[in-house]
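Trainee: This is a predicted model, with the sequence first.
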There are 2 protein chains.
Amino acid sequence: MKKKSAAPTMKDVAQEAGVSLGTVSKVFNNIPVGEDYRHRVREAAEKLGYQINSYARGLKTNRTQTVALILPLLHHPFFSALAEQLTGALMQRGYRALLFITNFDPDAEQRCIDMVRQNKADGIIALTYHPELRVDEGLPFVSIDRHFGTSIPCVSADNFGGGYLAGEKLISFGCKKPLFLRSGSHVVGEPDKRFAGFDACCRNAGLPCESLTLHDADGFTPFFEFLDKHVIRKKPSFDGIFCNTDSLTLLICDYLRSHGVRVPEDVQLIGFDGIKSLGTERYVCSTIVQPVAEMAQMAVDVLLTDSSAQSSALISLPVHYAYGGTTLDGEADV
Amino acid sequence: MKKKSAAPTMKDVAQEAGVSLGTVSKVFNNIPVGEDYRHRVREAAEKLGYQINSYARGLKTNRTQTVALILPLLHHPFFSALAEQLTGALMQRGYRALLFITNFDPDAEQRCIDMVRQNKADGIIALTYHPELRVDEGLPFVSIDRHFGTSIPCVSADNFGGGYLAGEKLISFGCKKPLFLRSGSHVVGEPDKRFAGFDACCRNAGLPCESLTLHDADGFTPFFEFLDKHVIRKKPSFDGIFCNTDSLTLLICDYLRSHGVRVPEDVQLIGFDGIKSLGTERYVCSTIVQPVAEMAQMAVDVLLTDSSAQSSALISLPVHYAYGGTTLDGEADV
C-alpha cells in the first residue's frame, strides 16, 4: 500500500488490514469480533499512524455522545468526587453524563442498564452492588470497584496494596497488636482486598491480625461491644486498627475517645478513601487515599478508547498514605 | 359536550376549551401562550378531570424524557445532596438526569445551555453563577438560588428568614455583639438575603450588626486579620458570629479555638446549609438547615408540572435551626 500524505482514514486501515470497513468499525467501537481480526486492525492502525482522536471521531458516528453513570448515592464524599471527576472527564471528551442514582437497589440497577440499552447510550460506567447484573455483550461497560468477570473491564484503587500499606504504616508507627474492622455491603467486591493486603502485611511481620466484619444491616453495636471488651475495659488488646473506610474510622475514633481511650496515644487508626474535612485540605483521619481523579479518567479512557487497557479485566491504580491525626507519625512526617 | 366514560384526552380538553390541540399541548408543555388561552385550557382540564399524570404523559410525546442539571461542582455536601435529590425526583417521574459540572465557569454554563437546546432536553434545572445567562424563552428552565428575572422561576431556601432566625437564635442564647461574615461568589444571588435577614433581626433587637464580606478570590486572610484585631487580641468586640456557610463557620471556629478563644463560651457561631459530619447524624456546627430534598422536589415539580407555582418568580422554602456544638443552647434544647 502506498504511503498517503493526508491523515489515514478507517478505509485505509481496512485496506491495510485486509478486512472490511465494518470490521474496522466494530474494533474501534469495541463490538466483539474475532481476536485475529482485532489484532490485524490494531496493527494496521498503528502502522498507518491512525490517531486516537480519530478513534473518538469514529465512535461518534451515529452515537448519542452520552455515557450513563450508575452510582448508588451521591451524599458520600467518595461517590460525589467520583461523579464529579467522571462527568468532567466525559465533558472534556465532548461526552455528556447521564446520571442514575440507585440507592443500592439491585432492581433499580438492572432497570438503569435496561433503560440505557433502550436509549442507546454509548456506554455505561457503573459502581453497582448488584451481584448478578446482566450486561449485554455489545454494550460498552466499565465497572468501578466490582469485578463482573473477564469480559467487563473493572477500574479500582489498588485495594490490596492499600491494605498492605496500612499494615506497614501501623507497624512502622509502633503497633504490635493489629485489628481490622469492616462495615459495608455483603456483595463481594474489590474493596474486600483491603483486608487481604492488611492481613498479608501483618503475617509477613509475624503479627497475628484479628478482624471483625459487619454488613450494613447489622448496625454498629457488635463493634462497640467488641471494643468495650477488648479495648476499653482493660489494657487494650489492640493498639492499631485499620478500618475499611474513613467513615468507619471516624465512628470508631469517636467511640474510643468518648470512653477514655486516647487516639492516637493508646490506639492508632487508619482508614481508607482519603476524605477531607469540609472546606479544608486536612484529611478527616489518617488514611489510604484513593486516586479518584485517576480512576475516573481511566474508566472514561477504557470505555471510549480502543486501548490495550480495555482487554484488561482489572486495572488497579496506586494509592498513597496520608496523615490525618489518628496515628503517631504527626504532621512533620507528611 | 357529552360526558365521556373513558379518561379524557388532550383532544377532549381542546374541544372543551375551544382551542386547537396545539394550544393545549403548548400549555401542558409549558410553552408560552396567551394568558387567556392558558386559563381556558386549565379550566377545561380541571372540568374534565384531566389527570396530572396525563400531563406527564403529554409531556412525553416527542420528548427526550431527559432533564439537564447544571451545577458548579459536586465535591461540596450541599451540591452533592442537591444533585442526588434532583436525580431521585426526576427518576421517580420517569425522567433521566443529564449532569453538567461547570466549575463556576460562565462560558461552560452558557455552553451547557446551548448544548441542551441543541440536544432537545425537556428542560433545565440549574444553579449557575453566570450573571447574564441567555436562556431561550421556549426552554423550560428552573433556577436554584439565583434569580434571572420574572420569566424564569427560581427555587431557593428562605434565605432572608434563615438569616433572621440565625439572629433570633444568637440573641436568645445571650449574644449582644453580632457579626456577619460572608465569603463566596461576587455574583448577586438569593443567598445574599441571609445578611439582610440577620441585619433586620439585629436592628429590630436594637443591636447594631457589623459585617465583613469577602469574595472567593480574596482568600481568608482579611477575616483572620479582622478576628485578630477585634476578637483575639483583646476582650472580644463580638460574641455572636453568623457565617454565610457551614464551611466558613468551621474555618472561623478552628481559627478562633487555635488562638485561645473558646467556642461557644466566648463566641457563639451559627452557619448556614445544614451539613452533617461524615457518617453521622450530627451537624458540623450550629446551623440554619436548607431543605435540600424539598427544594429538589419543588424544582422538578415546577419544571415538569403545569402548576401555579410555575408562574411564581421565586419560591422560597422554609428553613430550620439545628444545634451543632458552636452555640450555648446545647443538645438538650434540640
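Mentor: Arrived safely.
Trainee: which residues of chain A score low on pLDDT?
Mentor: For chain A, applying pLDDT under 70 flags the ranges A:1-7, A:29-31, A:51-63, A:118-120, A:136-138, A:150, A:306-312, A:331-334.
Trainee: who in it is up against chain B?
Mentor: A:66, A:69, A:73-77, A:79-81, A:83-84, A:87-88, A:91, A:96-101, A:103, A:115, A:119, A:245-248, A:250-251, A:254, A:275, A:277-280, A:284 (C-beta under 8 Å from any C-beta of the partner chain). Bear in mind the C-beta positions are built from the backbone N, C-alpha and C, glycine included.
Trainee: Show me which residues of stretch A:255-263 are buried.
Mentor: Of the residues in stretch A:255-263, A:255, A:256, A:261, A:263 count as buried by neighbour count, 16 or more other C-beta atoms under 10 Å in any protein chain shown.
Trainee: Next: stretch A:287-299.
Mentor: In stretch A:287-299, counting by 16+ other C-beta under 10 Å, buried: A:287, A:288, A:289, A:290, A:291, A:292, A:293, A:295, A:296, A:297, A:298, A:299.
Trainee: Can you tell me which of those residues comes closest to residue B:233?
Mentor: residue A:287 (36.5 Å; C-beta to C-beta).
Trainee: List the residues that contact the closest one.
Mentor: A:246, A:249, A:270, A:271, A:272, A:273, A:274, A:275, A:321, A:322, A:324 (C-beta atoms under 8 Å, 6 or more residues apart in numbering or on different chains).
Trainee: hmm, back to that, would you mind checking the residues of chain A next to chain B for buried ones?
Mentor: So, by 16+ other C-beta under 10 Å, the buried ones in the residues of chain A next to chain B are A:66, A:69, A:73-77, A:79-81, A:83-84, A:87-88, A:91, A:96-101, A:115, A:245-248, A:250-251, A:275, A:277-279, A:284.
Trainee: From these, which land in helices?
Mentor: A:77, A:79-81, A:83-84, A:87-88, A:91, A:115, A:246-248, A:250-251 (DSSP state H).
Trainee: Can you add secondary structure and give the buried residues of stretch A:287-299 back as CSV?
Mentor: Shown next, in CSV, are the buried residues of stretch A:287-299 (DSSP: H, G, I helix; E, B strand; the rest coil):
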residue, secondary structure
A:287, strand
A:288, strand
A:289, strand
A:290, coil
A:291, coil
A:292, helix
A:293, helix
A:295, helix
A:296, helix
A:297, helix
A:298, helix
A:299, helix
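Trainee: Between those, which sits nearest residue B:230?
Mentor: Taking the buried residues of stretch A:287-299 together and measuring to residue B:230 by C-beta to C-beta, the closest member is residue A:287, at 36.8 Å.
Trainee: Residue A:230: neighbouring residues, count only.
Mentor: When neighbours are counted by other C-beta atoms under 10 Å in any protein chain shown, residue A:230 registers 16.
Trainee: Which residues are in contact with it?
Mentor: So residue A:230 contacts A:236, A:237, A:238 (C-beta under 8 Å, 6+ apart).
Trainee: among those residues, who's most crowded?
Mentor: Highest neighbour count within those: residue A:238, with 21 neighbours (other C-beta under 10 Å).
Trainee: Kindly reformat the contacts of residue A:287 as TSV containing distance to residue A:18.
Mentor: Formatted as TSV, the contacts of residue A:287 follow (distance: C-beta to C-beta, whole Å):
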residue	distance to residue A:18
A:246	54
A:249	58
A:270	56
A:271	55
A:272	50
A:273	50
A:274	49
A:275	53
A:321	52
A:322	53
A:324	58
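Trainee: out of the residues you listed, who's nearest residue B:195?
Mentor: residue A:275 (31.0 Å).
Trainee: Could you double-check that that closest one sits in contact with residue A:78?
Mentor: Yes - using C-beta atoms under 8 Å, residue A:275 is in contact with residue A:78, at 6.9 Å.
Trainee: Residue A:11 in helix, strand or coil?
Mentor: Under three-state DSSP, residue A:11 comes out as helix.
Trainee: so what's it closest to, chain neighbours aside?
Mentor: Leaving out its chain neighbours, the residue that sits closest to residue A:11 by C-beta to C-beta, 6 or more residues apart in numbering or on different chains is residue A:21, at 6.1 Å.
Trainee: check contacts around whichever residue of the stretch 101-250 of chain A sits closest to chain B.
Mentor: In the stretch 101-250 of chain A, the residue that lies nearest chain B is residue A:247 (3.5 Å; C-beta to the nearest C-beta). Neighbour list for residue A:247: A:76, A:271, A:273, A:275, B:278, B:279 [criterion: C-beta under 8 Å, 6+ apart].
Trainee: mind listing the strands in the stretch 51-200 of chain A by residue range?
Mentor: Ranges of strands within the stretch 51-200 of chain A are A:66-71, A:96-101, A:123-126, A:141-144, A:154-157, A:178-184, based on DSSP state E, counting those that start in this stretch.
Trainee: Select, out of these, the one closest to residue A:316.
Mentor: Taking the strands of the stretch 51-200 of chain A one by one with C-beta to C-beta, strand A:154-157 is closest: 5.7 Å.
Trainee: List the neighbouring strands of that closest one plus their orientation.
Mentor: strand A:141-144 (parallel), strand A:314-317 (parallel) (DSSP bridges).
Trainee: I'd like the distance from residue A:11 to residue A:46, if you could.
Mentor: 17 Å (C-beta to C-beta, to the nearest Å).
Trainee: would a markdown table of the contacts of residue A:230 with secondary structure be doable?
Mentor: A markdown table is the format used below for the contacts of residue A:230 (three-state DSSP):
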| residue | secondary structure |
| --- | --- |
| A:236 | coil |
| A:237 | coil |
| A:238 | coil |
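Trainee: Save these as TSV, and put in distance to residue B:313 too.
Mentor: Output for the contacts of residue A:230, formatted as TSV (distance: C-beta to C-beta, whole Å):
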residue	distance to residue B:313
A:236	61
A:237	64
A:238	60
